[in-house]
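Novice: next come a sequence and a model predicted from it.
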Amino acid sequence: MKVDTLIIGSGVVATALTKRLLEHTPHMSILILEAGHRIKTKDFGIWEAFQVTGNWPFPKIYDLPYPERNSAGENRLIGESTQDPAAFTLYQGRALAYGGSTNVWGGWTFRRKPEDFYLKTNTGQGLDWPFDYDALEPYYCQAEDYLAVSGDSKDTSVPRSRPYPFHEFPYSYVDQPVARAMERLGISYAHLPIARRGVSKVPSTHAPCQVTGTCDYCPFGARFVACDYMDDFRRWNDYPNLDIKLGAVVMTIRMATKRRAAGVVYKETATGEMINVDADRVIVAAGTFESPKLLLRSTSKEWPDGIGNDTDNVGRYLITHPYMIYAGSLPDNPEKMQWELNFPTMVSRYFDTQEEQAKGKYVLVNAPNIVAQSVGQMMINGWDHAKIDRAITGAVPISLHSMVEIFGRHENRVTNYHKLNHLGMPEASIYFKCDPEAMQRIQEIGGVVKRIFEAMGGTYEAENPSVNSWRCDHAASTCRMSKDPKDGVVDGDLRIHGTDNLYVCSNAVYPNLGAINPTDTVTALAFRLGDHLNAAG
Amino acid sequence: MFDSKARHPLSPPTPDPLPHLVYESMWDLFVAIGDLWQLTDDPQQYRLRFRTFLENRISLDPLYASYYLGAATMIAELAAQADVNAAYVLIFFNLNPKNLEYSEDMMTVIRDHVAFEFISRRAALGSFANFGAKAYQGYMAAGANFPDQPAPYRTAEGLK
Amino acid sequence: MANEDKRATLLTRLQTAIELEWSTIPPYMVAVLSMKLTANRQAANLLRGVMMEEMLHLALVANVLNAVGGTVHIGPDNVPSYPRRLFEGRDVPVNLAPFSAENVATFMKIEEPETSIGAFYRSIVALLEELDAGGGLFTGDPARQLYDDYYWGAGNKIIPVQDLDSAKKALSIVMDKGEGAGPHPPFTPDDQLQMAHYYRFAEIHYQRLYRPTDDPAKPPTGEALPIDYSEVHPIKVNPKAADYAPGTKLARLNDAFNSRYTMMLRQLLQALTGTPKVLYTAIMNGMHGSTSGALEMMTTPIPGDPAGRTGCPTFEWLDKASAKS
């Protein structure tokens, strides 16, 4: 079998890139290989089940936790972080399924700031990007159109040339005390841009968000999920040579010569059969962990340490965001503020600036989880009406969430592990140790949050701070971009150094993360790559 | 629009209707939530959606037909010992002033798969509003975010 | 006519209009679903858009009826059956039938500008104007109005109705786009969503798109619209439940469809008589949940059918034994 373009992975990158390629060349043959399977989106019965039980309906799209004494588990963490070694885990982070991690993402769509492209120049840490914000800005606009982002187009803290496709969600009631406190402290805040389709004159088969509050399984499909859009291609559009195979684990990339990829070998997990596919070009869009693992597995005489790995950068510099939840409480809640949404509407990027870059820039997000439990849960607890009223109007927990930029270290890495996971994919082996300076920074952020809580009239929990998770869905840098091949894996066009037709497009290519979620950026990169490939012919 | 509707491999295209008495018992249990918590929303508005909910639960997991039958049977047995209100108080609040006799194992099943799900569903259908909010996680009817209309949830006042 | 009689006539005509809009939807839906999508995708998109706009029209008419204090009726006694003459004086019956040249011609006829349907809607507008001359016509409960939250898939939007202006605006959307549009229905080849349904069907019929410079009274001269009437499921036309032998797969699928359709209609009625929010469930569980069963029927041969036809939902009201509540 031979195709023009072979894409490994079926997430937002594959979907956006496929759209850009096919709109230019409708008859291009594109094969997308996805290791996972399909989950059923927008099913009303499944939605009701999710709503009443709170149980995510498709646990098999997740990795298992690491092995423990009494459970086999998947993947390995070797070495240690300065926190609990189990904190950096793939479990319930990424989604291995048709549509990728957008099946489970929160949809926060921030742009990087201009200084985020110059980390090394500004701080001496890491590496600069081979291009700057202005080069990516038009693609951010396209990404936000595609992801159907509702945002505040009047917010000029990050420069933009076009409005968001949909207007922002107004600040919710629970933002009010936080905002007032921030104003008193001189901390700026803004609307959080979120991938929730809004109301527009242009009809769409995709419904606008109805703030149903079950975003993980949106019954309307208002939160962008890549598989819904890939399904659109296959159903309503005329792309006869687009093919997608699920349950297809790419085991190696075959090279015809050192520079030229010939295709891949993939395993059809239903049968165990190994299948060869030839391709004129190969795009590795398999995320931060699987992309480098695939390159590392693809050894040959020409590439003894894996494709693109002559300089020992593949799988290296693994970074992610530590995600902190700083907890506190308010003494009472007479206005009955409650969590009415399932996404936040307010963010502060006040500390996400060039001045803060050397110490670790960070964002603060007001996640709407005031009041410890939902009304339904309190009724299930057996609390009567009066007790529920007291619980709502009495002392209530509050929290601010934060993500901080940490810097890549060569020794933090992902490699292959010699076992197969439940989807038949080689498992991951992760070494990750966090800098002590980063832990210090997390403490400092807690100090700022303490002042905010106190300005709200609340208190700050003594046990703070806790790193709630090391968000493996934000992991990056394992195939980082570089101008000089000795410093990275791909060039500014995302082509693997030393090759002609092999590309990586995922968070893996970021030399650094900044303080914010990566998906807006990776979607922009996908469109930019598409334009590059279309121009190259 | 064209994706297949999820259902359990053992479920027929449409489940057989619940026996009338079982359905009515489940409906009464659902209504009782309002009485026990002094909720002011009229449950009659939920009746058709409640039926859809039962049908979908059974279609996704045929065992739910047995759960509902088991719950109706247990409620009838408890009611026969005292009255139906005592049964509801026991199921929802785990209070047993009338010393009703019952199987703990069955009670656990009924609570987990029937009573608590009915609470979750009712809260999300609209009963949550009894406690001050305008929208709720699971409430499908808050509405879209129109630029020229009030937001479908309570908003902050006077922020820039 | 005394005012009371006129008001009664108005309410009756608005109810008739609701039934008219309602009765166009199953034939359009069947035609769309009958297309295999190995071909005809552009036509399928056009037809699907028209179908969804008929749902919009139904909502708009219901808003008017509710605004003047009337009550929508949907029940087993007025569920449309097929073949159906949509309107008095319209000779052409509409069928539950596969996408075909004949079917498209029928759809054109339904949507033809300047017909008795157009006159009918204009008579409704005239009655509204006359009865509201002194004010006091629009006494309906505002809580019964549908807003645009429920409509996203096709052109235009749901308008809540509270007075004569908004009522006329709502009905003008129906008249402009839909049945009996006239005298100058929107001819907007650059914006298909704003174009009258008649012209969209004409494009399918003539297998060519309109140019903005075309004379709307003549066939289109623009880009070819590829149509392949052979790429459809060979469904039985105007089926009835009795056509499927008891216990067969098609009988079970048809029962499932009709159960879901019936629940959807009951929820629609509840939504249009004071609880608009139920419309979400009607759409998401009822409508979206029906299509896969319908498709399965269309790909299942009717046992022993001499022409090798496949099944098709019958869109009949079905009350299951315990479903009377």
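Specialist: Here it is on my side, so go on. What you see is a predicted model, and the numbers here were worked out from it, not measured in a lab. Numbering: from 1, shown residues only, chains lettered A, B, ... in the order given.

Novice: I figured B:Leu21 was touching B:Leu69, is that so?
Specialist: No - the pair B:Leu21 and B:Leu69 does not pass the contact test of CB atoms under 8 Å, sitting 9.7 Å apart. Every C-beta, even on glycine, is put in place using the N, C-alpha and C of the backbone.

Novice: which residues does the residue nearest to B:Val114 when sequence neighbours are not counted contact?
Specialist: If the residues on either side of it in the chain are set aside, B:Val114 comes closest to B:Ala71, at 4.4 Å by CB to CB, 6 or more residues apart in numbering or on different chains. Shown in contact with B:Ala71 (CB atoms under 8 Å, 6 or more residues apart in numbering or on different chains): B:Ser25, B:Met26, B:Leu29, B:Ile110, B:Val114, B:Ala115.

Novice: part of a helix, is B:Ala71?
Specialist: Yes - assessed with DSSP: H, G, I helix; E, B strand; the rest coil, B:Ala71 lies in a helix.

Novice: where's it relative to B:Tyr102, distance?
Specialist: The gap separating B:Ala71 from B:Tyr102 is 12 Å, by CB to CB, to the nearest Å.

Novice: for A:Arg76, same thing?
Specialist: As judged by CB to CB, A:Arg76 and B:Tyr102 stand 48 Å apart.

Novice: can I get the helix or strand harbouring A:Val282 in CSV, CA atoms only?
Specialist: Counting by DSSP states H and E, the element that carries A:Val282 is strand A:273-284. Output in CSV follows, covering the C-alpha atoms of strand A:273-284 (Å, rounded to 0.1, in the frame of the first residue of the first chain):
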residue,chain,number,x,y,z
GLU,A,273,-0.5,-8.8,11.7
MET,A,274,2.4,-6.5,10.8
ILE,A,275,1.7,-4.4,7.8
ASN,A,276,3.9,-2.3,5.6
VAL,A,277,2.8,1.0,4.2
ASP,A,278,4.9,3.1,1.9
ALA,A,279,4.5,6.9,2.0
ASP,A,280,5.9,9.9,0.2
ARG,A,281,6.1,11.7,3.5
VAL,A,282,5.4,10.8,7.1
ILE,A,283,4.1,13.1,9.9
VAL,A,284,4.6,11.9,13.4
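
Novice: tell me which residues in that strand are buried?
Specialist: Residues A:Val277, A:Ala279, A:Asp280, A:Arg281, A:Val282, A:Ile283, A:Val284 are the ones in strand A:273-284 that count as buried (16 or more other CB atoms under 10 Å in any protein chain shown).

Novice: so the second one touches A:Val265, yeah?
Specialist: So the one you mean is A:Ala279. No - here A:Ala279 does not reach A:Val265: they are 11.7 Å apart, not a contact under CB under 8 Å.

Novice: correct me if wrong, but A:Ile398 is in a strand.
Specialist: Yes - counting by three-state DSSP, A:Ile398 falls inside a strand.

Novice: what pLDDT does the residue nearest to C:Pro93 when sequence neighbours are not counted get?
Specialist: Distances taken as CB to CB, 6+ apart put C:Pro83 closest to C:Pro93, at 3.9 Å, once the chain neighbours are dropped. pLDDT recorded at C:Pro83 is 95.

Novice: so what's C:Pro83 up against?
Specialist: For C:Pro83, the contacting residues are C:Pro93, C:Val94, C:Asn95, C:Asn238, by CB under 8 Å, 6+ apart.

Novice: excluding chain neighbours, what is closest to A:Thr320?
Specialist: A:Ala475 (4.2 Å).

Novice: is it fair to say that neighbour lies in a strand?
Specialist: Yes - using three-state DSSP, the assignment for A:Ala475 is a strand.

Novice: host element of A:Phe233?
Specialist: Going by DSSP H and E, A:Phe233 is in helix A:226-236.

Novice: which positions in that helix come out as buried?
Specialist: Within helix A:226-236, the residues scored as buried using 16+ other CB under 10 Å are A:Ala226, A:Cys227, A:Asp228, A:Tyr229, A:Met230, A:Asp231, A:Phe233, A:Trp236.

Novice: ok, and the closest non-adjacent residue to the fifth one?
Specialist: Spatial nearest neighbour of A:Met230, excluding adjacent residues (CB to CB, 6+ apart): A:Thr15 at 5.0 Å.

Novice: cool, the fourth one as well?
Specialist: For A:Tyr229, the nearest residue in space outside its immediate sequence neighbours is A:Thr15; the separation is 5.2 Å by CB to CB, 6+ apart.

Novice: tell me where the model's unsure across chain B.
Specialist: For chain B, residues meeting the criterion pLDDT under 70 lie at B:1-4, B:160.

Novice: for the residue most central in space within it, helix, strand, or coil?
Specialist: Centroid check for chain B by CA atoms, centre = their mean gives B:Phe118 as the closest residue, at 1.8 Å. Three-state assignment for B:Phe118 (three-state DSSP): helix.

Novice: how far away is the residue nearest to A:Thr320 from chain B?
Specialist: Using CB to the nearest CB, to the nearest Å, A:Ala475 is found at 28 Å from chain B.

Novice: looks like that residue contacts A:Asn507 (just checking).
Specialist: Yes - A:Ala475 lies in contact with A:Asn507 (CB under 8 Å); the separation is 6.5 Å.

Novice: flag every buried residue along the longest helix along chain C.
Specialist: Ranked by residue count and defined by DSSP state H, the top helix of chain C is helix C:3-34. Buried residues in helix C:3-34, counted by 16+ other CB under 10 Å: C:7, C:10-11, C:13-34.

Novice: same deal with stretch B:42-51?
Specialist: Across stretch B:42-51, burial judged by 16+ other CB under 10 Å covers B:Pro43, B:Gln45, B:Tyr46, B:Arg47, B:Leu48, B:Arg49, B:Phe50, B:Arg51.

Novice: ok, how many other residues are close to the residue in chain C that chain A sits nearest to?
Specialist: When scored by CB to the nearest CB, chain C has C:Asn285 as its residue closest to chain A, at 4.0 Å. Residues lying near C:Asn285 (other CB atoms under 10 Å in any protein chain shown) number 26.

Novice: give me phi/psi at the closest residue to it other than its chain neighbours?
Specialist: Leaving out its chain neighbours, the residue that sits closest to C:Asn285 by CB to CB, 6+ apart is A:Phe44, at 4.0 Å. Main-chain dihedrals, A:Phe44, degrees, to the nearest 10: phi -70, psi -40.

Novice: what about A:Phe44, how many residues close to it?
Specialist: Residues lying near A:Phe44 (other CB under 10 Å) number 22.

Novice: isn't it right up against C:Met284?
Specialist: Yes - at 4.9 Å, A:Phe44 and C:Met284 qualify as touching, with contact defined as CB under 8 Å.

Novice: which neighbours do those two share?
Specialist: Joint contacts of A:Phe44 and C:Met284 (CB under 8 Å, 6+ apart) are A:Pro219.
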